[in-house]
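>>> No sequence on hand, only this structure:
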């Protein structure tokens, strides 16, 4: 479904991504793992067009999308839920949801979509007229996910969906991501919570300094000595 | 008392045109977080395009008004390309300084093409003032007020009730988040610029036709009035722009009557000074100040 070949992203002279190749098949959850600054977010931004790749190829459903502007890429079905959630605090929850469907033609369908999406997020239903700024971190993340779904994604890219959340809220987010796969959404997931990410993912890629150093089935990665010592072990120790 | 009320009425009608100018400023500032100093001069060029159409073709009022608005929009797009699109990612100051440079450029061009400096501008209506009880209403001022009211209501509808309005508000609150929504942020900004220029063009036509003449200095004048009205109302706030314009108009009308014409601009600056000291957020309060701070963090 998504095919990234030798992707490079630069910020001025800093090369954040240096030749990343990865694939996401339809129906999969693929985790992208790595330390801060490893190039996970930059890879996602290049895929959805927010950053222009300095080199390499991005193909989606067989077509090259590497040079398209973000709104055109979204229309093809790649939707990113950004890190930090980026809820519009001054707009209502309903307006935030409608903005999610900005690129979906047909206003009537968008209204029907709100109903469909809210089935996943019952806690938002009673609060549609409240401002985005009134939500807690966990609720804001739910709204960000709901808003992403409003765009009718074929591929949903989630950038650190559990970052800054209380453990219970993070659990809810992961449970929801698993449910979304059941609903037929393909997911590319960037997470600092490696254990949780690998628990729900099918496959994973490990990034370091802008390069992929390891990839494989999620269950195998979770046992890999490199990960156990670098991330999982650290978490176990607190 | 009758004088005072008459001054208020005059001020409100005059102030409605200031309100339109301020809406242009505030719309651009609200969406881009940048000051467009060449806003006044660009609508001045629009008014000279109207003058040209009048001089060359002896055109009627509608054609002159249309030429003014179209001219203002075209120059507005030129300014947007040069000062705002090219340096969208750069420092906000760069846009402001370059818009100042374009201001000078536009003034020079107009002085070269129109060497006589002051030109006759045909009035929209030339009827005697209407008398209503003890009060007088100049017809051109009533038209000015009506136009401003209709356009403000339309803008409110556009911002609050349409898909484009929602996108505009999203871009104005957080352009980066708007990118993730699949909004074509550049196109939305450009369209906001076009709307602001069209508002300025209408304001320019109404003001200049009420004055009956135009000079290249109109650009400086319009920038001052629009900026002051925007600051009084609160930067980035549309209702604030209207209220600020009306307040400025009323204060000017009162000071013309009680102090003399030479105090008109002085009292306007004094009013601005008072606001900057005691209520820097303008009439619409703290909201605009907070948004400004949020914007500075983003820049």
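Looks like it came in fine. Please read these numbers as outputs of a predicted model, since none were measured by experiment. Numbers count the residues shown, from 1 in each chain, chains lettered A, B, ... in the order given.
>>> wait, doesn't residue A:177 sit right on residue A:161?
Yes. With contact defined as CB atoms under 8 Å, residue A:177 reaches residue A:161; the gap is 7.0 Å. Backbone N, C-alpha and C define where each C-beta goes, glycine included.
>>> what sits in contact with each of these two?
Common contacts of residue A:177 and residue A:161, defined by CB atoms under 8 Å, 6 or more residues apart in numbering or on different chains, comprise residue A:189.
>>> Now do the contacts for the spatially most central residue of chain A.
Most central in chain A under CA atoms, centre = their mean is residue A:158, positioned 1.2 Å from the mean C-alpha point. By CB under 8 Å, 6+ apart, the contact list for residue A:158 reads A:80, A:81, A:145, A:148, A:177, A:187, A:188, A:189, A:190, A:191.
>>> Name the strands paired with the host helix or strand of the first one and say parallel or antiparallel.
Looking back up the chat, that one is residue A:80. Secondary-structure assignment from DSSP states H and E places residue A:80 in strand A:78-81. With DSSP bridges as the test, strand A:78-81 is paired with strand A:155-159 (parallel).
>>> Where does pLDDT dip in chain B?
Scanning chain B for pLDDT under 70 picks out B:87-90, B:285-299.
>>> can you map out the helices along it?
Using DSSP state H, the helices of chain B run over residues B:2-32, B:39-57, B:61-79, B:92-113, B:139-161, B:163-173, B:175-180, B:185-211, B:218-233, B:238-258, B:264-278, B:286-298.
>>> between the second one and helix B:92-113, how big is the angle?
Helix B:39-57 runs at 20 degrees relative to helix B:92-113, counting by axes from the mean of the first three to the mean of the last three CA atoms, to 10 degrees.
>>> just the longest one next, same as before
For helix B:2-32 against helix B:92-113, the angle by the same axes, to 10 degrees is 120 degrees.
>>> same for helix B:2-32, what does it pack against?
Applying 3 or more CB pairs under 8 Å, 6 or more residues apart in numbering or on different chains; DSSP states H and E, one finds that helix B:2-32 contacts helix B:39-57, strand B:135-137, helix B:139-161, helix B:163-173, helix B:185-211, helix B:218-233, helix B:238-258.
>>> Can I get the helices of chain B in TSV including mean neighbour count and distance to residue A:51?
Formatted as TSV, the helices of chain B follow (neighbours: other CB atoms under 10 Å in any protein chain shown; distance: least, CB to CB, whole Å):
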stretch	mean neighbour count	distance to residue A:51
helix B:2-32	24	22
helix B:39-57	24	33
helix B:61-79	21	28
helix B:92-113	16	22
helix B:139-161	16	30
helix B:163-173	20	19
helix B:175-180	22	11
helix B:185-211	23	14
helix B:218-233	25	35
helix B:238-258	23	33
helix B:264-278	14	40
helix B:286-298	15	18
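>>> can I get these in a markdown table with distance to residue A:89?
Shown next, in a markdown table, are those (distance: least, CB to CB, whole Å):
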| stretch | distance to residue A:89 |
| --- | --- |
| helix B:2-32 | 16 |
| helix B:39-57 | 29 |
| helix B:61-79 | 31 |
| helix B:92-113 | 22 |
| helix B:139-161 | 17 |
| helix B:163-173 | 7 |
| helix B:175-180 | 10 |
| helix B:185-211 | 18 |
| helix B:218-233 | 23 |
| helix B:238-258 | 19 |
| helix B:264-278 | 27 |
| helix B:286-298 | 9 |
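>>> For residue A:102, which of those is the nearest?
When the helices of chain B are compared by CB to CB, helix B:163-173 sits nearest residue A:102, at 6.4 Å.
>>> Show the secondary-structure elements that the strand or helix carrying residue A:145 is packed against.
Here residue A:145 sits within helix A:137-150, counting by DSSP H and E. Helices and strands touching helix A:137-150, by 3+ CB pairs under 8 Å, 6+ apart, are strand A:78-81, helix A:93-100, helix A:107-118, helix A:122-125, strand A:155-159, helix A:167-182.
>>> quick one: the helix or strand following the last one near chain B?
Later in the chain than helix A:167-182, the nearest helix or strand by DSSP H and E is strand A:186-190. No. Where contact is defined by CB under 8 Å from any CB of the partner chain, no part of strand A:186-190 touches chain B; the two come within 14.2 Å at best.
>>> Can you give the distance of the next helix-or-strand element following strand A:186-190 from its chain's centre?
Following strand A:186-190 in sequence order, the next helix or strand is helix A:194-200 (DSSP H and E). Computed by CA atoms, centre = their mean, to the nearest Å, the chain-centroid distance of helix A:194-200 equals 14 Å.
>>> Could you do stretch B:238-249 as well?
Centroid displacement of stretch B:238-249 relative to its chain, using CA atoms, centre = their mean, is 11 Å.
>>> who touches that stretch?
By CB under 8 Å, 6+ apart, stretch B:238-249 touches B:10-23, B:25-27, B:30, B:148, B:152, B:155-156, B:159, B:225, B:228-234, B:268, B:271, B:282-284, B:288.
>>> Contacts only, for residue A:34.
By CB under 8 Å, 6+ apart, the contact set of residue A:34 is A:40, A:206, A:207, A:208.
>>> what pLDDT does the third one get?
Read it as residue A:207. pLDDT for residue A:207: 91.
>>> re the thing from before, need the helices and strands packed on helix A:137-150 in a markdown table (columns: mean pLDDT and distance to residue B:188).
Below are the helices and strands packed on helix A:137-150 laid out as a markdown table (pLDDT from 0 to 100; distance: least, CB to CB, whole Å):
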| stretch | mean pLDDT | distance to residue B:188 |
| --- | --- | --- |
| strand A:78-81 | 96 | 19 |
| helix A:93-100 | 94 | 12 |
| helix A:107-118 | 84 | 18 |
| helix A:122-125 | 90 | 26 |
| strand A:155-159 | 96 | 23 |
| helix A:167-182 | 90 | 30 |
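>>> If anything else comes up later, I'll come back, but that's it for now.
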